[in-house]
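Asks: Everything below, folded, please.
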Amino acid sequence: MLNATPRLRNTAQLYGIESGIESGIASSLDTGLHTDLSAAVTQESAQRLQLVELLSPYHPSETRFMLEAQTALAFKAMADSAAKDGIALAICSAYRPFDRQLAIWNAKASGKRVVLDINEQPVDISPLSDDALVDLILLWSALPGASRHHWGTDIDVFDAKQIEVKSLRLVEAEYTDGGPCAHLHQWLLQHAKDFGFYFPFQRGKSAVSAEPWHISYFPVSQTLLPQFEVQALAQVIQRSEMLLKEAVLARLPVLVAEYVHRIAQP
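Replies: Below you'll find the model as predicted:
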């Protein structure tokens, strides 16, 4: 595995606050991959943790995904290896800022976006209490500010040779026997560890439902998780326009322990 020991100078990067990121292409690591310096994150050696842009060749229009720099390098190496086995390892979601996660959360909390139960079946949310709705949303979606996608180390992937991104639903059936990404999932189970990646959300090992499309770059993400501060997250949520805010804040330490810290290990 590749190693990294970043430390946070403040909480902006950890909570996905995009205003803490200074955009500016500084150099190219490969086609479409550029350095994007984060003003919010630093290493013990005084080197900054970088976010980079990765241009996807598998989307109908130009799409650039942001990843933590070491994660991007490891992903590219893994994608090159997968290609030799006939798999087009592609990204459908990478770094996600707070506002984007907030939009996802509010769409589900307001009923504008479908909410699924543990069996991936749609639920009528109208009779649910606020606490019950919070618990239901958290099965598949992170709290704004608590998503691992805020770190740039976690990505959702698919096999672009087997399914177009516009048709992708990100449900388990797509990654199990007979699904278009089943071969990809089996390949990742066997090879992802060789590049430093693993599945943080696994059945029986995480409060979040199993997500066979979500992989994390362990050498960096393992150093960020212990720095997660409940009080800092509470302040971010309090200042936001988040729906179900009071229900979440009333149980925030418990929710963070369950849905942020309780994850599978490599």
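Asks: Report the contact partners of the spatially most central residue of the chain.
Replies: Residue closest to the average C-alpha location in the chain (Cα atoms, centre = their mean): residue 149, at 2.8 Å. Residues in contact with residue 149 (Cβ atoms under 8 Å, 6 or more residues apart in numbering) are 16, 93, 94, 95, 96, 101, 142, 155. The way it works is simple: take the backbone N, C-alpha and C, and place the C-beta from them, glycine included.
Asks: can you check residue 242 too?
Replies: Neighbouring residues of residue 242 by Cβ under 8 Å, 6+ apart: 102, 105, 106, 144, 248.
Asks: ok, so what distance separates it from residue 156?
Replies: 22 Å (Cβ to Cβ, to the nearest Å).
Asks: sorry, back to before: got JSON lines for the contacts of residue 149, with neighbour count and pLDDT too?
Replies: What follows is the contacts of residue 149, written out as JSON lines (neighbours: other Cβ atoms under 10 Å; pLDDT from 0 to 100):
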{"residue": "16", "neighbour count": "28", "pLDDT": "52"}
{"residue": "93", "neighbour count": "17", "pLDDT": "95"}
{"residue": "94", "neighbour count": "24", "pLDDT": "95"}
{"residue": "95", "neighbour count": "27", "pLDDT": "93"}
{"residue": "96", "neighbour count": "25", "pLDDT": "91"}
{"residue": "101", "neighbour count": "22", "pLDDT": "94"}
{"residue": "142", "neighbour count": "21", "pLDDT": "94"}
{"residue": "155", "neighbour count": "27", "pLDDT": "97"}
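Asks: Among the residues you listed, which are located in strands?
Replies: When DSSP state E is applied, the contacts of residue 149 are split such that 93, 155 fall in strands.
Asks: could you say which helix or strand contains residue 52?
Replies: strand 48-56 (DSSP states H and E).
Asks: Who are the packing partners of that strand?
Replies: Packing partners of strand 48-56 (3 or more Cβ pairs under 8 Å, 6 or more residues apart in numbering; DSSP states H and E): strand 33-43, strand 63-68, helix 69-84, strand 89-93.
Asks: closest to residue 252 out of the ones you listed?
Replies: For residue 252, the closest of the helices and strands packed on strand 48-56 is strand 33-43, at 22.0 Å, according to Cβ to Cβ.
Asks: and that closest one, average pLDDT?
Replies: If you average the pLDDT over strand 33-43, you get 28.
Asks: now stretch 208-223
Replies: Averaging pLDDT along stretch 208-223 yields 96.
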